[in-house]
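>>> Sequence isn't available, so here's the structure alone:
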């Protein structure tokens, strides 16, 4: 794994869900960003691989991000 390599961690169809995840990760100290937000808002009917929003992270952070997101899931009632 590259220390400085940036990769797509996840694709989102829902811009709000992407923003929430981005905010949670940034608040936890992870460096990350989104791409494709404008296309997703303009073309919601397209396949998510074309119009989706991509969450980009450092490859070295993937294991820790995965643990964080898994542990930080809201409890179901």
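In hand now; what should we look at? Because the structure is a prediction, the values reported are computed rather than measured.
>>> Now do the buried residues in the longest helix along the chain.
Secondary structure of the chain per DSSP state H: the longest helix is helix 15-27. Residues of helix 15-27 classed as buried: 15, 18, 21-22, 25 (neighbour count, 16 or more other C-beta atoms under 10 Å). Where you see a C-beta, it was placed from the backbone N, CA and C, and this is true even at glycine.
>>> Against which helices or strands is the helix or strand just after that helix packed?
On the C-terminal side of helix 15-27, the nearest following helix or strand under DSSP states H and E is strand 32-35. In terms of contacts (3 or more C-beta pairs under 8 Å, 6 or more residues apart in numbering; DSSP states H and E), strand 32-35 is packed against helix 15-27, strand 53-58.
>>> and the buried residues of helix 15-27 as CSV, adding distance to residue 5 and pLDDT?
CSV is the format used below for the buried residues of helix 15-27 (distance: C-beta to C-beta, whole Å; pLDDT from 0 to 100):
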residue, distance to residue 5, pLDDT
15, 26, 89
18, 21, 94
21, 20, 96
22, 19, 97
25, 17, 97
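>>> Much appreciated, bye for now.
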